[in-house]
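**Q** Got a predicted model here, sequence first, then my questions.
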Amino acid sequence: MSDGMSGLSERPESAAVGVAIPHESATLHVTGAALYTEDLAGRTKDVLYAHPVQVPHAHARITALRVAPAMAVPGVVRVLTAADVPGINDGGVKHDEPLFPSEVMFFGHAVCWVLAETPEAARLGAAAVEVDAEPLPSSITLAEAIAADSFQGATPQVVRGDVEAGLGAAAHVFSGVLEFAGQEHFYLETQCALAQVDEAGQIFVQCSTQHPSETQEIVAHVLGCPSHEVTVQCLRMGGGFGGKEMQPHGFAAVAALGATLTGRPVLVRLTRTQDLTMTGKRHGFHVDWRVGFDADGRLQALDATLTADGGWSLDLSEPVLARALCHVDNAYWLPNVRLTGRIARTHKTSSTAFRGFGGPQGMLVIEDILGRCAPLLGIDAGELRERNFYQEGQSTPYGQPVRHAQRLHRLWQEVLDGGAVAERRQRIAAFNAGHPHTKRGLALTPVKFGISFNFTAFNQAGALVHVYRDGSVLVNHGGTEMGQGLHTKMLQVAATTLGVPLERVRLAPTRTDKVPNTSATAASSGADLNGGAVKNACEQIRDRLATVAAAMLGGDDADIRIVDGVARRAGAPDGVAWDELVRTAYFQRVQLFAAGFYRTEGLHWDSSVMRGSPFKYFAYGAAAAEVEVDGFTGAHRIRRVDIVHDVGDSLSPLIDIGQIEGGFVQGAGWLTLEDLRWDTEGAARGRLSTQGASTYKLPSFSELPEVFNVTLLTDATEDGVVYGSKAVGEPPLMLAFCVREALREAVAAFGPAGISVHLASPATPEAVFWAVERARTGDGHGAVAEANLAPPQPGAQAHPLRPESERVGEAVHHG
Ligand code: MTE
Ligand code: MOS
């Protein structure tokens with residue numbers, strides 16, 4: 001009866017997958033009853049609170065650290081320093097992140113931690129610690145790092161064809177520079193870990209982490225103990241978005257170290273400002289490019305150098321950069337291509353995973369190029385995009401065939417039709433003709449996003465499923481819940497495979513002592529991987545129960561179907577109820593629990609040459625946005641968005657639509673609102689000046705599109721993935737490119753026809769205002785002169801786009 005991998009995508013009758021149900025914790029979320037890690041401290045006795053000692057230098061050597069004054073503060077119990085670390089003093093996996101550093105690498109770097117009876121005592125204690133620091137030279141901006149030749153890690157290259165020959169033969173060659181900013185995760189729950197030690201010295205860490213197994217590993221190496229002495233549990237996260245893939249480990253290690261040294265539970269819970277100033281963000285990039293088109297606007301060659309702002313340590317910068325290089329093509333066929341990547345080291349927080357994991361950064365490059373070049377080619381930007389779409393049979397620059405390329409064309413057409421785009425374009429033209437100071441724009445952009453971890457080994461998962469004697473089912477799996485609805489989907493997968501009603505299945509919190517060696521819940525692969533493992537465990541149990549049922553009902557094991565909690569022979573009216581079947585199996589001494597395992601087949605990737613087929617499949621989508629821009633202020637709003645997105649056969653449609661809406665809005669935030677700024681001058685050099693929601697503008701309800709239509713692509717079953725579904729967590733973020741491109745269209749409408757609009761990223765109202773000013777003067781090239789008007793910050797200034805022939809060497813690179 002076991003159907004193996006070939007049957008992975010097949011759905012049985014009356015399946016619990018595909019039913020639109022709310023998130024399993026929705027009621028708890030909205031009533032405030034849901035517990036997060038910090039809430040657990042309130043239920044724990046004798047907890048000590050930790051506070052970091054943050055040093056206010058971008059880069060400095062610590063010459064003295066005096067903790068005695070802290071010990072004099074009432075309530076302070078202990079100060080943790082490097083001397084306390086029994087194992088390895090490092091909070092990362094690359095061993096370039098000292099947990100208690102002797103060299104400060106970014107403004108606000110914590111050099112030691114104070115433990116006290118109350119959070120307030122810990123704060124006062126931290127303020128009393130005396131630190132002598134000798135400032136060292138620093139690079140804050142990408143431009144400074146590039147000028148100082150400050151780089152770290154690998155310099156990968158993706159190459160296909162002959163770029164120089166392609167550019168040489170192209171009818172049109174353009175070049176330009178793009179700089180764009182990173183993004184703060186701003187998960188609602190800041191980083192948090194609570195550690196306890198039991199009577200045998202075992203460490204139990206409850207942690208808001210996307211990667212419990214790695215948190216466990218790092219706690220163990222800091223404590224100098226084997227992994228089996230450390231258990232990490234994650235009940236749920238109040239958002240992760242990639243920011244809890246790598247960043248939680250050090251905080252968990254501080255809590256665990258404190259707990260082992262004091263024998264008391266220790267809570268590390270960052271305040272918002274600590275979280276903003278101490279933890280990594282999305283990578284901003286600097287990109288230099290040259291592109292060639294034929295006479296019809298078909299891409300012939302692209303040469304680009306992508307420099308990622310890695311911050312102070314490597315963290316996940318190498319895999320993020322690899323994914324960026326693997327997504328520069330987005331939906332477009334590039335016959336000749338050379339993409340070079342490098343990672344700058346700057347004295348800022350360590351850039352890390354953020355929804356899309358480099359994919360958005362790579363794709364922004366080509367979408368920006370197409371948006372800027374379309375007017376110069378005299379082709380409508382939407383038409384230019386569509387003309388360059390992959391066709392069936394073509395492959396990516398790194399050599400993976402683009403299966404289902406036809407879906408791009410289908411999605412595009414559905415957005416054009418469903419969004420009544422042609423008709424609205426006419427209305428927008430009429431509106432713009434009648435409104436000199438307000439303009440509207442509409443744009444479509446596509447998404448193609450590779451699913452699987454580039455690093456093949458991570459594409460595995462485990463599960464542990466118990467059926468109790470009363471017929472109730474408990475599921476453990478290796479994935480974590482951060483609001484994305486993974487647990488909801490896993491409940492649906494288990495109920496579907498076992499053939500029981502959803503309410504018979506419960507989910508237990510993620511723990512490293514239940515399922516070991518798990519990968520991060522990341523790369524959108526949580527449901528694919530853990531779903532495969534849960535299904536595998538449930539199939540083992542179901543097959544054993546089928547044998548029991550066949551003996552009760554007559555016939556072959558293979559003829560037994562369990563549907564809606566009743567086992568029957570195919571076609572027979574009578575059957576045996578699930579509870580009775582389980583009870584019978586127990587008395588026959590049949591094993592009622594199973595460990596499941598899944599690994600994605602067919603992946604290969606050679607990172608030394610950046611070639612292979614690293615992805616199981618591609619997730620596709622297309623979106624159209626209509627925006628309105630106020631020419632006096634640059635203020636903009638999104639009037640309407642239409643999305644058609646490919647999730648295969650959805651495991652859970654309500655969850656998937658929520659992921660698409662949330663991802664889209666988060667992407668629009670990155671591209672149009674959220675503006676990270678660091679001080680670059682004086683004593684505060686290197687300080688993050690956007691330290692709270694008061695200065696860092698996040699999208700909220702008021703920035704939602706006024707009309708927001710999200711449709712799931714139909715007839716989209718994905719073979720070889722659990723119940724025919726596709727991953728959904730990250731790809732929709734990149735649908736938001738259409739907002740940026742619509743802003744470009746609206747800005748262009750302020751000027752004469754045919755000008756190329758350069759937009760800074762983020763395209764904040766301020767940036768849009770300056771773009772409008774340039775457009776009004778008909779100046780498609782005005783950015784350099786104008787750049788001095790805007791405050792210095794990454795992304796605010798960049799080169800104008802000029803045809804190659806007009807370029808006057810490499811002009812100013814502002815930071
Ligand atoms: N959705 C919510 N609500 N909260 C989150 O933190 N993280 C995103 C995405 N959707 C996130 C989210 C990221 S970065 C990833 S990789 C996926 O969810 C991870 O979960 P999955 O693999 O189960 O989709
Ligand atoms: Mo997501 S950035 O892969 O955690």
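**A** That came through, no problem. Numbers count the residues shown, from 1 in each chain. Ligands and ions are numbered 1, 2, ... in the order given.
**Q** A helix includes R639, no?
**A** No: remark: R639 does not belong to a helix; assigned using DSSP: H, G, I helix; E, B strand; the rest coil, it is strand.
**Q** Contacts only, for it.
**A** Contacts for R639 were tallied using Cβ atoms under 8 Å, 6 or more residues apart in numbering; they are R440, E626, V627, E628, P705, E706, V707. For every residue, glycine as well, the C-beta is placed using N, CA and C.
**Q** secondary structure element for the second one?
**A** With the criterion set as DSSP states H and E, the secondary-structure element containing E626 is strand 617-630.
**Q** do you know how far the residue in the stretch 301-450 of the chain positioned nearest to ligand 1 is from Q492?
**A** Closest residue of the stretch 301-450 of the chain to ligand 1, Cβ to the nearest ligand atom: R355 (3.8 Å). Note on R355: its distance to Q492, by Cβ to Cβ, to the nearest Å, is 23 Å.
**Q** Would you verify that A50 is located in a helix?
**A** No: A50 sits outside any helix when classified using three-state DSSP, being strand.
**Q** I'd guessed it sits against P265; true?
**A** No: taking Cβ atoms under 8 Å as the definition, A50 is not a contact partner of P265, at 11.0 Å.
**Q** Comparing these two, which shows the higher neighbour count?
**A** Under the neighbour definition other Cβ atoms under 10 Å, A50 and P265 were set side by side, and A50 has more, 26 against 21.
**Q** Which strand residues bridge the more buried one?
**A** L115 (DSSP bridges).
**Q** any idea which element the residue lying closest to G596 once chain neighbours are set aside lies in?
**A** Nearest residue to G596 in three dimensions, chain neighbours excluded: A537, at 2.8 Å (Cβ to Cβ, 6 or more residues apart in numbering). Assigned by DSSP H and E, A537 falls within helix 526-553.
**Q** tell me, how many neighbours does the residue of the chain found nearest ligand 2 end up with?
**A** Taking Cβ to the nearest ligand atom, ligand 2 has its nearest neighbour within the chain at G242, 2.7 Å off. When neighbours are defined as other Cβ under 10 Å, G242 has 28 of them.
**Q** returning to what we had before: burial of the residue of the stretch 301-450 of the chain closest to ligand 1, as a residue count?
**A** 26.
**Q** Next: F431.
**A** For F431, the count of nearby residues is 15 (other Cβ under 10 Å).
**Q** Does the one helix or strand it maps to pack against any helices or strands, and if so which?
**A** Element membership for F431 (DSSP H and E) is helix 421-434. Judged by 3 or more Cβ pairs under 8 Å, 6 or more residues apart in numbering; DSSP states H and E, the packing partners of helix 421-434 are strand 438-451, strand 617-630.
**Q** tell me the mean pLDDT for it?
**A** Helix 421-434 carries an average pLDDT of 98.
**Q** List the buried residues of that helix.
**A** V421, R424, R425, I428, N432 (16 or more other Cβ atoms under 10 Å).
**Q** would you list the residues you listed in CSV and tack on distance to V365?
**A** Output for the buried residues of helix 421-434, formatted as CSV (distance: Cβ to Cβ, whole Å):
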residue, distance to V365
V421, 25
R424, 28
R425, 26
I428, 27
N432, 29
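**Q** What about the residue nearest to D198 when sequence neighbours are not counted, how many residues nearby?
**A** What sits nearest to D198 in space, not counting adjacent residues and going by Cβ to Cβ, 6+ apart, is F204, at 6.7 Å. By the criterion of other Cβ under 10 Å, F204 has 18 neighbours.
**Q** dump the residue contacts of F204.
**A** Neighbouring residues of F204 by Cβ under 8 Å, 6+ apart: A195, Q196, V197, D198, T231, Q233.
**Q** Same check on L270?
**A** Counting by Cβ under 8 Å, 6+ apart, L270 touches T190, Q191, C192, F251, M278, T279.
**Q** again, only this time at 10 Å
**A** For L270, the contact set (Cβ atoms under 10 Å, 6 or more residues apart in numbering) comprises 50-52, 110, 189-193, 247, 251, 276-279.
**Q** which residues touch the residue of the chain positioned farthest from its centre?
**A** Relative to the centre of the chain, the most outlying C-alpha is that of G554, 51.2 Å out, by Cα atoms, centre = their mean. Counting by Cβ under 10 Å, 6+ apart, G554 touches R569, A572.
**Q** ditto for S452
**A** Residues in contact with S452 (Cβ under 10 Å, 6+ apart) are 458-459, 523-525, 528-529, 600, 602-603, 605, 613-617, 727.
**Q** Just the buried residues from those, in ChimeraX please.
**A** Burial among the contacts of S452 is assessed by 16+ other Cβ under 10 Å; the matching ChimeraX selection reads:
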select :458,459,523,524,525,528,529,600,603,605,613,614,615,616,617,727
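**Q** Which of the contacts of S452 fall within strands?
**A** W605, S613, Y617 (DSSP state E).
**Q** Among those, which one sits closest to ligand 1?
**A** Distances from ligand 1 to the ones in strands among the contacts of S452, taken by Cβ to the nearest ligand atom, are shortest for Y617, at 14.4 Å.
**Q** Let me see the confidence value for that closest one.
**A** 98.
**Q** That one touches P731, doesn't it?
**A** No: look at Y617 against P731 with Cβ atoms under 10 Å: they stay out of range, at 11.3 Å.
**Q** Can you get me a residue count around A68?
**A** Using other Cβ under 10 Å, A68 has 10 other residues around it.
**Q** Mind picking out the helix or strand in this protein with the poorest mean pLDDT?
**A** Lowest by mean pLDDT, DSSP states H and E among the helices and strands of the chain is helix 783-787, with a mean of 27.
**Q** so what's the residue nearest to E703 when sequence neighbours are not counted up against?
**A** Distance criterion Cβ to Cβ, 6+ apart; nearest residue to E703, sequence neighbours excluded, is L673 at 6.8 Å. Contact analysis of L673 by Cβ under 10 Å, 6+ apart lists 183, 636, 665, 696-700, 703, 762-765.
**Q** No further queries at this time; thank you.
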